[in-house]
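Q: Okay, predicted coordinates and the sequence, questions at the end:
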Amino acid sequence: MPWRLAACRLVLWCLAALAVLPLPALAQGIESVLSPGRLSQAHAKLEDQCNQCHVRFDRAAQDRLCMDCHKDIARDITGKAGMHGRLKPQACRSCHTDHKGRQARIVAFDPARFDHSQTDFQLRGAHGRVECTSCHQPARKYRDAPHECNACHGKDDVHKGALGPLCAGCHNDTRWKDSTFDHGKTAFALTGRHVQASCTACHQAGRYKDTPRACVACHRKDDDARGHKGQFGEKCETCHGTQRWKPSVFNHDSDTTFLLRGKHRSVRCTDCHTTPLYKSHLPQACVDCHRKDDRHKETLGRDCASCHTERDWKERARFDHDKTSFPLLGKHVQAACQACHTGTMFKEAPKDCVACHRKDDRHAGTLGEKCADCHQERDWKTTQGRFDHARTRFALRDGHASPPLRCTACHQDARSMRHTPADCVNCHRKDDRHEGQQGAQCEQCHHARSWKAARFDHARTGFPLVGRHLAVECKSCHASPRFKDAPRECVACHRKDDRHAMSLSERCASCHTTRGWALWEFDHDRRSSFKLEGTHRQVACARCHREPAPAGRPVAPTGGACIACHRKDDVHDGAFGSRCDRCHSVDTWKQIRNQPGAASAPRPKGAP
C-alpha cells in the first residue's frame with residue numbers, strides 16, 4: 001500500500017539521521033521521533049523524559065509510575081477511599097490518555113453522568129439538587145472540595161462556630177432549619193414542659209455551648225415569686241418538676257430523713273428552714289423549733305417525740321415509762337405524773353419508795369429505804385409473799401412458813417424488825433421445858449415442822465444409845481425435862497436388876513451389854529489375874545467375891561490365894577502356908593498332887 005511504503009521510508013530516514021548521534025542521545029532521539037504526539041499541558045515538563053511514565057517492554061509498569069507521581073490517588077487506591085479507591089482495578093490509561101496536544105483534556109469526565117455515591121461524600125436530600133460549582137470551585141481539584149458542613153454553610157451557622165464544625169449533629173440534608181438534635185444525649189435531657197419549649201427560650205442569642213443548666217437560670221422570677229429568693233439554693237429540681245412549676249413535687253417523707261406528720265404537714269417550709277438550705281445543715285431535734293415550749297429546759301434531753309406528738313404539743317404525753325429505769329407497775333400506772341414529778345425537771349424525781357411513801361413507813365426508817373423488798377405496787381399494806389425472808393439470816397421453813405405467820409408474831413415492834421433476835425427461845429420460851437438448862441440452841445433437838453417432835457442425836461453426847469437403849473423412852477432415864485441431870489451409871493436405872501447387891505461394883509457394863517440385861521459376858525481368864533480352871537468354872541461369882549467392890553474397881557478383890565476361899569478346908573491349920581495349890585488340884589480339893597499317880601497341877605500365878 002502507498003502509505004505503508006511512505007512510512008517505511010520515513011523510518012529509514014530517521015534511523016539514518018540518528019546514526020551519527022551518541023548512544024544515550026540516540027535512544028532519546030528514537031523515543032522522541034517515535035512519540036505519538038505532544039503531551040498535555042500538565043505533563044509538558046516530561047516531554048523529553050519518557051522513562052518517567054514508560055518502561056521499555058513493560059506496559060504494566062506504567063500504572064506504578066503514575067502513582068509514584070500522583071501520591072494522593074495512590075493513597076485512595078491503597079486505602080480504598082475516594083472515587084479511585086472504589087473503582088474496580090484497571091489501568092490508568094483506561095480513563096486517562098495523553099499525547100493529544102497541550103490543550104487536550106486527559107480526563108474523560110461528564111459531570112452530568114458522574115455517580116457521586118462513588119466518592120466519600122454522598123449527595124442526599126437537598127445536596128442532590130445543588131450545582132457542582134456550588135461546592136467544587138474553579139481551578140481546584142474535585143477531590144479538594146471540603147466535606148465539612150461549615151465550609152458551605154458558614155453563613156447559616158447562627159452559633160458562629162461555638163458548637164464546632166459537626167453541623168450534622170443537629171441539622172439534616174433535607175432542610176437546614178429542621179434541627180434533628182437529640183437533647184437526651186447531652187447532660188441536660190429534655191423532659192416534661194422542656195420538650196415543648198423553643199430552643200431560644202434557653203439558648204438566647206444563639207448561645208448553645210455554655211448555656212447554664214441550673215433551673216434558676218430560667219426560673220429565677222418563679223423562685224422569687226415563691227418567696228425563696230435563693231434561700232433554698234439552685235437545685236430547684238428537688239422540689240419542682242418539669243411537668244409544671246406549681247405545685248411542688250417534693251416528698252418530705254421519702255426524700256428526707258424527717259417525716260412530716262400531724263401539724264408538721266401544714267407548716268410552711270420557711271417556718272423550719274430559716275437559713276440557706278445548702279449552706280447550713282438544718283437540725284432535726286424537736287427542741288430546735290420548740291425550745292420555747294420545752295418546760296423541762298432540756299433536762300429530759302432533746303428527744304421531745306418520746307412524750308409529745310405531732311398532732312398537738314400539749315396533747316397528753318405518750319411517754320413509755322417502762323423504757324426508763326423506773327417502770328410503772330400496779331397503782332403507779334394510775335398515779336398522775338405530778339404525784340411524783342412535783343416540778344418540770346422530771347429527771348430530778350427521786351426513785352426511792354420512801355420519797356413518796358415516808359408517811360406510810362411504820363418502821364420509822366429502821367428497815368432502810370428499800371421498801372420494795374416487802375411492799376408491792378398493787379397495795380402498800382399487803383406485804384405477804386413479797387418479802388423474801390430467805391435473804392435474811394433467818395429463813396422461814398416448815399411451821400414458820402405454813403400456815404403463814406403474821407410478821408408481828410415474831411416482830412413485836414414494827415419499828416425494830418431488823419433487830420429482832422433470831423434465837424428460838426425468843427419466841428419459844430414458854431415451850432422450853434428444860435428451863436434453859438439446854439441453852440438457847442433449841443434447833444439441836446427441835447425443828448421447824450413441829451416443836452414436840454425432837455430430833456436430838458444422842459450419839460453426839462457422852463452417852464450414845466446402842467442396843468435396847470434405842471427403844472427406851474426419854475423419860476425412862478430422864479426423870480426431869482432438865483435432861484443434863486440424868487445420871488450415866490448403869491445402876492441408876494438397873495439397880496432393881498442388880499442381883500449382886502452392889503457386891504460387884506456399879507460398873508455393870510463390865511459384864512452386861514445393851515443387847516439384854518440377862519445376857520452377860522465376863523472373860524475371867526483374860527480380864528483378871530486368876531484363870532478359872534477345873535471346878536472353879538462352876539463356882540458362882542459371889543462365892544469368891546463376897547465384899548463390895550471399892551470405888552474405881554470393877555469387882556471386889558479376892559486376894560488370889562487358895563486359902564482365901566478354902567480356909568475351912570485346910571486341915572493343916574496353916575502349917576503348910578497359903579499355897580494350897582502345891583498339893584491340892586483344881587479339879588477336886590481332896591486330890592493330893594504329890595501322891596503316887598497324882599497329876600501335877602500348874603502353880604498359881606504369883607505363888608511362892
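A: Received the coordinates, thanks. Numbering: from 1, shown residues only.
Q: got a list of what the closest residue to residue 105 other than its chain neighbours touches?
A: Excluding the flanking residues, the one nearest residue 105 by C-beta to C-beta, 6 or more residues apart in numbering is residue 40, at 7.7 Å. Any C-beta I mention is one placed from the backbone N, CA and C, and that applies to glycine too. Contacts for residue 40 (C-beta atoms under 8 Å, 6 or more residues apart in numbering) come out as 98, 100-106.
Q: and the strand ranked longest in the chain, which strands flank it?
A: The longest strand of the chain (DSSP state E) is strand 516-520. For strand 516-520, the pairing partners within the sheet under DSSP bridges are strand 512-513 (antiparallel).
Q: Could you list the residues in contact with the strand it pairs with?
A: The contact list for strand 512-513 (C-beta under 8 Å, 6+ apart) reads 467, 490, 494, 519-521.
Q: low pLDDT regions in the stretch 351-500 of the chain?
A: In the predicted model of the stretch 351-500 of the chain, residues 384-386, 402-404, 414-416 satisfy pLDDT under 70.
Q: Going along the chain, name the helices of it.
A: Listed from the start of the chain, the stretch 351-500 of the chain has helices (DSSP state H, counting those that start in this stretch) covering 353-357, 425-428, 474-477, 490-494.
Q: now these in TSV, with mean neighbour count?
A: As requested, these are exported to TSV (neighbours: other C-beta atoms under 10 Å):
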stretch	mean neighbour count
helix 353-357	15
helix 425-428	14
helix 474-477	12
helix 490-494	15
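Q: of all those helices, which lies closest to residue 144?
A: For those, the distance to residue 144 is smallest for helix 353-357, at 105.6 Å, taking C-beta to C-beta.
Q: check contacts around the closest residue to residue 243 other than its chain neighbours.
A: Distance criterion C-beta to C-beta, 6+ apart; nearest residue to residue 243, sequence neighbours excluded, is residue 192 at 4.3 Å. Contact partners of residue 192, counting by C-beta under 8 Å, 6+ apart, are 241-244.
Q: out of the helices of the stretch 351-500 of the chain, nearest to residue 592?
A: The nearest among those, by C-beta to C-beta, is helix 490-494 at 44.0 Å.
Q: Just list what the closest one packs against, helices and strands only.
A: In terms of contacts (3 or more C-beta pairs under 8 Å, 6 or more residues apart in numbering; DSSP states H and E), helix 490-494 is packed against helix 474-477.
Q: Alpha carbons of the helix it packs on, in CSV - could you do that?
A: Presented in CSV, the C-alpha positions along helix 474-477 are these (Å, rounded to 0.1, in the frame of the first residue of the first chain):
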residue,chain,number,x,y,z
CYS,A,474,-36.5,-40.5,177.1
LYS,A,475,-38.4,-40.2,180.3
SER,A,476,-37.2,-43.7,181.4
CYS,A,477,-33.8,-42.2,182.0
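Q: Any idea how far it is from the middle of the chain?
A: 73 Å (C-alpha atoms, centre = their mean, to the nearest Å).
Q: Show residues contacting it.
A: By C-beta under 8 Å, 6+ apart, the list of residues contacting helix 474-477 reads 454, 483, 486, 492-493.
Q: that older thread, and the contacts of strand 512-513, which is closest to residue 61?
A: Nearest member of the contacts of strand 512-513 to residue 61, counting by C-beta to C-beta, is residue 467, at 151.4 Å.
Q: Would you confirm that that closest one contacts residue 515?
A: Yes. Contact criterion C-beta atoms under 8 Å: residue 467 and residue 515 qualify, at 4.7 Å.
Q: Identify the contacts common to the two.
A: Overlap of the contact sets of residue 467 and residue 515 (by C-beta under 8 Å, 6+ apart) is empty.
Q: coming back round to it: Serialize the contacts of residue 192 to JSON lines and add fields for neighbour count, secondary structure and pLDDT.
A: As requested, the contacts of residue 192 are exported to JSON lines (neighbours: other C-beta atoms under 10 Å; DSSP: H, G, I helix; E, B strand; the rest coil; pLDDT from 0 to 100):
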{"residue": "241", "neighbour count": "16", "secondary structure": "coil", "pLDDT": "83"}
{"residue": "242", "neighbour count": "16", "secondary structure": "coil", "pLDDT": "85"}
{"residue": "243", "neighbour count": "10", "secondary structure": "coil", "pLDDT": "84"}
{"residue": "244", "neighbour count": "10", "secondary structure": "coil", "pLDDT": "83"}
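Q: What is the most widely separated pair among those?
A: By the measure C-beta to C-beta, 242 and 244 form the most distant pair in the contacts of residue 192, at 8.2 Å.
Q: what is in contact with those two at once?
A: Contacts common to residue 242 and residue 244, judged by C-beta under 8 Å, 6+ apart, are 192-193.
Q: Show me which positions of the longest strand of the chain end up buried.
A: For strand 516-520, a neighbour-count test (16 or more other C-beta atoms under 10 Å) marks nothing as buried.
Q: Tell me the first helix or strand C-terminal of that strand.
A: Moving toward the C-terminus from strand 516-520, the next helix or strand (DSSP states H and E) is helix 524-527.
Q: How about residues contacting that following helix?
A: So helix 524-527 is contacted by 510, 530-532 (C-beta under 8 Å, 6+ apart).
Q: Could you identify the helix or strand that succeeds it?
A: Counting by DSSP H and E, the next helix or strand C-terminal to helix 524-527 is helix 541-544.
Q: Next, the buried residues of that following helix.
A: The neighbour-count check on helix 541-544 (16+ other C-beta under 10 Å) flags 541, 544 as buried.
Q: what does stretch 113-122 give?
A: Neighbour counts over stretch 113-122 (16+ other C-beta under 10 Å) mark residue 119 as buried.
Q: re earlier: which of the contacts of strand 512-513 sit farthest apart?
A: Once C-beta to C-beta is applied, the contacts of strand 512-513 give 494 and 521 as the farthest pair, at 16.0 Å.
Q: who are the neighbours in contact with the nearest residue to residue 180 once chain neighbours are set aside?
A: Distances taken as C-beta to C-beta, 6+ apart place residue 172 nearest to residue 180, at 5.1 Å, with adjacent residues excluded. By C-beta under 8 Å, 6+ apart, residue 172 lies in contact with 125, 178, 180.
Q: Out of those, grab the one that's most surrounded.
A: Highest neighbour count within those: residue 125, with 12 neighbours (other C-beta atoms under 10 Å).
Q: Look up the pLDDT of the closest residue to it other than its chain neighbours for me, please.
A: Spatial nearest neighbour of residue 125, excluding adjacent residues (C-beta to C-beta, 6+ apart): residue 173 at 2.9 Å. Residue 173 is assigned 86 on the pLDDT scale.
Q: In terms of pLDDT, where does the residue nearest to residue 243 sit?
A: Value for residue 192, per-residue pLDDT: 87.
Q: Can you list phi and psi of it for me?
A: Note on residue 192: backbone dihedrals following degrees, to the nearest 10 are phi 60, psi -130.
Q: Name the residues that touch stretch 350-361?
A: By C-beta under 8 Å, 6+ apart, the surrounding residues in contact with stretch 350-361 are 325-326, 339-340, 365, 369-372, 375, 380.
Q: now the residue nearest to residue 105: how far from residue 459?
A: 153 Å (C-beta to C-beta, to the nearest Å).
Q: rewinding a little: in the contacts of residue 40, find the pair that's most separated.
A: It's 98 and 103 that sit farthest apart of the contacts of residue 40, by C-beta to C-beta, at 12.2 Å.
Q: neighbour-wise, which of the two wins?
A: residue 98 (17 against 8).
Q: check contacts around residue 267.
A: The neighbourhood of residue 267, defined by C-beta under 8 Å, 6+ apart, consists of residue 260.
Q: Noted, bye for now.
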